[in-house]
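Novice: Let's see this in three dimensions:
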Amino acid sequence: MISKTSLNIPLFIICLMCTSYLHAQQATNSSGGSASSSVGSVTYSIGQVFYTSIADTSGKVNQGVQQAYEIFNVGIKESNLNISIIVFPNPTSNVLSLQIGNYKNERLTYQLFDLQGKLLTSGAITTLQTEINTSTLASATYFIHVLNKDNQKVQSFKIIKK
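Specialist: Got it, this is the predicted structure:
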């Protein structure tokens with residue numbers, strides 16, 4: 001007959017081995033806090049990477065993403081043109097504006113690429129402000145390159161389509 005103690009020891013060892021494979025969820029949060037009252041409590045964090053919504057007859061709770069957009073200029077000025085280039089709004093939804101400061105009829109073009117490097121659209125820049133239709137693009141990150149008459153990059157921008 002096998003005693004209960006002899007069965008518990010292998011079970012205990014198996015449990016110890018399994019716990020080494022368990023991991024808790026982790027997130028790098030930029031801020032957070034908690035609030036409580038007599039009917040319940042809530043803990044929140046800003047910077048999570050997941051979003052869900054829970055609703056019932058007594059109310060609704062949205063939990064998840066408060067992810068900041070990383071927007072910065074990814075290019076350097078590689079030409080002798082004395083112009084300034086601004087792309088807005090970023091993130092964009094339907095129309096992206098490309099504004100050239102100190103524009104003196106230089107021959108400039110733009111190229112819009114996806115993250116895989118596929119050229120999606122291109123066009124000439126002929127005025128101080130050029131509008132680029134982004135309504136047909138999927139929500140993703142894109143790059144716009146502004147080129148001079150010799151097809152050299154003047155400046156590049158990282159664009160987020162929401």
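
Novice: Helix or strand next in line after the worst-scoring helix or strand of the chain on mean pLDDT, which one?
Specialist: Across the helices and strands of the chain, the lowest-confidence element by mean pLDDT, DSSP states H and E is helix 4-19, at a mean of 67. Next helix or strand after helix 4-19 toward the C-terminus (DSSP states H and E): strand 31-37.

Novice: Might you list the low-confidence residue ranges for the protein?
Specialist: 1-7, 15-31, 44-51, 62-82 (pLDDT under 70).

Novice: show me where it has strands.
Specialist: Using DSSP state E, the strands of the chain run over residues 31-37, 40-46, 52-56, 59-63, 84-88, 95-101, 108-114, 119-125, 129-133, 140-147, 153-161.

Novice: Tell me which residues of the fifth one come out buried.
Specialist: By neighbour count, and taking 16 or more other Cβ atoms under 10 Å as the criterion, the buried residues in strand 84-88 are 85, 87. In short, each C-beta sits where N, CA and C put it, glycine included.

Novice: likewise the last one?
Specialist: Within strand 153-161, the residues that qualify as buried are 154-159, 161, counting by 16+ other Cβ under 10 Å.

Novice: ok, now stretch 98-105?
Specialist: 98-100, 103.

Novice: Of the strands of the chain, which is nearest residue 12?
Specialist: In terms of Cβ to Cβ, the element of those nearest to residue 12 is strand 40-46, at 33.7 Å.

Novice: so what's residue 101 up against?
Specialist: Each residue near residue 101 by Cβ atoms under 8 Å, 6 or more residues apart in numbering is listed here: 83-86, 128.
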